[in-house]
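Trainee: Just the structure for this:
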Amino acid sequence: MLCGKANIGESALERFDWDDLRFFLAVARSGRLTAAARRLGADHATVSRRVTSLEESLKAKLFERRPQGYTLTAHGERLLAKAETMETEALAIQSDIGGADMTLAGTVRIGAPDGFGTVFLAPRLSSLAKSYPGLEIQLIAMPRLLSLSKREADVAITLAPPKEGKVVARKLSDYRLGLYASQAYLDSMPAVTKPEDLFDHRVVGYIDDLIFTPELDYLDEVAKGLRPQVQSSSVLAQMNAVVAGAGIGVIHHFMAEGETRLVRVLPETVSITRSFWLLVHADLKDVARVRAIVDFIVRETKQSRALLMGEPSVSRHD
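Mentor: I've put the predicted structure just below:
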């Protein structure tokens, strides 16, 4: 009798393909076959087939399939928690047994605001890539928050600590922003001697309903009620507009560094301070390749404190 039960269990395990869980997790996190396929490097038909295969082997419906995307059923929610635990264990095994730090391999995805990611972090990745040639580094630099719980990123740079979630957070650094304009724009407009003068100028800033975190809502700190006439969701687009003479905008000092076409406006009066935070999913904090990325980002920001704070008198060390 016991032998018969063992055979039944072995038969069920033989039908279960553990690799199907990767496809399940990708769909559960993205909600769409096409997005899951892109992340997995597969076609959407393969993703659909593997999810269906998993449902058949478990004899349970895991997703509600709707035109707007895939949503988890109650069975799917239960499986998601278990599958993420298995994923974490697999990462730990890979980290513990996969070799020394200098031979790190695998993918680490970094999420960052577009200014920090594009202007500060991207130029510094070359030394990291040289140190760990087996590491695949993915940098998502865009003006939105990325979800660590959905594994949209392994490491995220944000402007505030998380309010909830299974996340380990540490403050990276403060940074400062100020008002900038092109000399040509300033020459063609009335002088700016105090913040209230800005109401007579074109202001460049964020689109109100696309501000993805309250820390980016600067203008009320400059002058109560000040609003931009030239707007973009991207701080890079804002800076390029200011450089081209579109108006006066709030720009990070580290982004304006070395841009000779930009001139400080009201430098003694207007100075805005914000903070960068580094977030890692708690399940990944001890994975070697993630630790290497975290250590690198912490080291680079620490060495560049003067640049981030807009202190040109202190030499920059990259």
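
Trainee: which residues are in contact with the longest helix along the chain?
Mentor: Counting residues, the longest helix found in the chain (DSSP state H) is helix 74-97. Outside of helix 74-97, the residues that reach it under the criterion Cβ atoms under 8 Å, 6 or more residues apart in numbering are 21, 24-25, 28, 58, 60-63, 72, 106, 283-284, 286-289. Backbone N, C-alpha and C define where each C-beta goes, glycine included.

Trainee: any weak-confidence spans in the stretch 51-200 of the chain?
Mentor: 91-104 (pLDDT under 70).

Trainee: where exactly do the helices run in it?
Mentor: If DSSP state H, counting those that start in this stretch is used as the criterion, the helices of the stretch 51-200 of the chain fall at 74-97, 114-115, 125-131, 183-187.

Trainee: any idea which residue sits dead centre in the protein?
Mentor: Nearest to the mean C-alpha position of the chain, counting by Cα atoms, centre = their mean, stands residue 111 at 1.9 Å.

Trainee: That one contacts residue 152, doesn't it?
Mentor: Yes - contact status for residue 111 versus residue 152: in contact at 6.6 Å, counting by Cβ atoms under 8 Å.

Trainee: between those two, what contacts are shared?
Mentor: Counting by Cβ under 8 Å, 6+ apart, the shared contacts of residue 111 and residue 152 are 140, 146.

Trainee: now residue 234: how far from residue 113?
Mentor: Between residue 234 and residue 113 the distance, using Cβ to Cβ, to the nearest Å, works out to 10 Å.

Trainee: Comparing those two, which residue is more hemmed in?
Mentor: Looking at residue 234 and residue 113 with other Cβ atoms under 10 Å, you find the greater number of neighbours at residue 113, namely 26 against 19.

Trainee: on that earlier part again, a markdown table for the helices of the stretch 51-200 of the chain, including mean neighbour count and distance to residue 259?
Mentor: Shown next, in a markdown table, are the helices of the stretch 51-200 of the chain (neighbours: other Cβ atoms under 10 Å; distance: least, Cβ to Cβ, whole Å):
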| stretch | mean neighbour count | distance to residue 259 |
| --- | --- | --- |
| helix 74-97 | 14 | 41 |
| helix 114-115 | 20 | 13 |
| helix 125-131 | 12 | 21 |
| helix 183-187 | 14 | 12 |
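
Trainee: Can I get these in JSON lines including distance to residue 175?
Mentor: Converted to JSON lines, the helices of the stretch 51-200 of the chain look like this (distance: least, Cβ to Cβ, whole Å):
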{"stretch": "helix 74-97", "distance to residue 175": "31"}
{"stretch": "helix 114-115", "distance to residue 175": "10"}
{"stretch": "helix 125-131", "distance to residue 175": "19"}
{"stretch": "helix 183-187", "distance to residue 175": "25"}
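
Trainee: Select, out of those helices, the one closest to residue 297.
Mentor: Smallest distance to residue 297 across those (Cβ to Cβ): 9.1 Å, for helix 125-131.

Trainee: Check which helices and strands the closest one sits against.
Mentor: Using 3 or more Cβ pairs under 8 Å, 6 or more residues apart in numbering; DSSP states H and E as the contact definition, the elements that helix 125-131 packs against are strand 135-141, helix 288-303.

Trainee: centre of the chain versus the next helix or strand after the last one, how much separation?
Mentor: Spelled out, it's helix 288-303. For helix 288-303, the succeeding helix or strand toward the C-terminus, using DSSP states H and E, is helix 305-308. Using Cα atoms, centre = their mean, to the nearest Å, the distance from the centre of helix 305-308 to the centre of the chain it belongs to is 21 Å.

Trainee: Please apply the same query to stretch 39-47.
Mentor: For stretch 39-47, the gap between its own C-alpha mean and the chain's C-alpha mean amounts to 23 Å (Cα atoms, centre = their mean).

Trainee: Could you chop this protein up by domain?
Mentor: Listed by automatic domain parsing, the domain ranges of the chain are 2-97, 101-172+275-308, 174-274.

Trainee: Distance from the second one to the middle of the chain?
Mentor: Going back to what we said before, that points to domain 101-172+275-308. The chain centre lies 8 Å from the centre of domain 101-172+275-308; the measure is Cα atoms, centre = their mean.

Trainee: Kindly format the C-alpha coordinates of the strand ranked longest in the chain as CSV.
Mentor: As far as residue count goes, and with DSSP state E defining each element, the longest strand of the chain is strand 167-182. Included here for strand 167-182 are C-alpha records, laid out as CSV according to Å, rounded to 0.1, in the frame of the first residue of the first chain:
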residue,chain,number,x,y,z
VAL,A,167,12.4,45.7,1.7
VAL,A,168,15.7,46.6,3.3
ALA,A,169,16.4,50.4,2.9
ARG,A,170,19.4,52.6,3.6
LYS,A,171,19.9,56.3,2.9
LEU,A,172,22.5,56.8,0.2
SER,A,173,23.1,60.5,0.2
ASP,A,174,21.5,63.9,0.3
TYR,A,175,21.6,66.0,-2.9
ARG,A,176,20.8,69.6,-3.8
LEU,A,177,19.0,71.3,-6.6
GLY,A,178,18.8,74.9,-7.7
LEU,A,179,17.4,77.2,-10.3
TYR,A,180,19.1,77.4,-13.7
ALA,A,181,18.5,79.1,-17.0
SER,A,182,20.5,79.8,-20.2
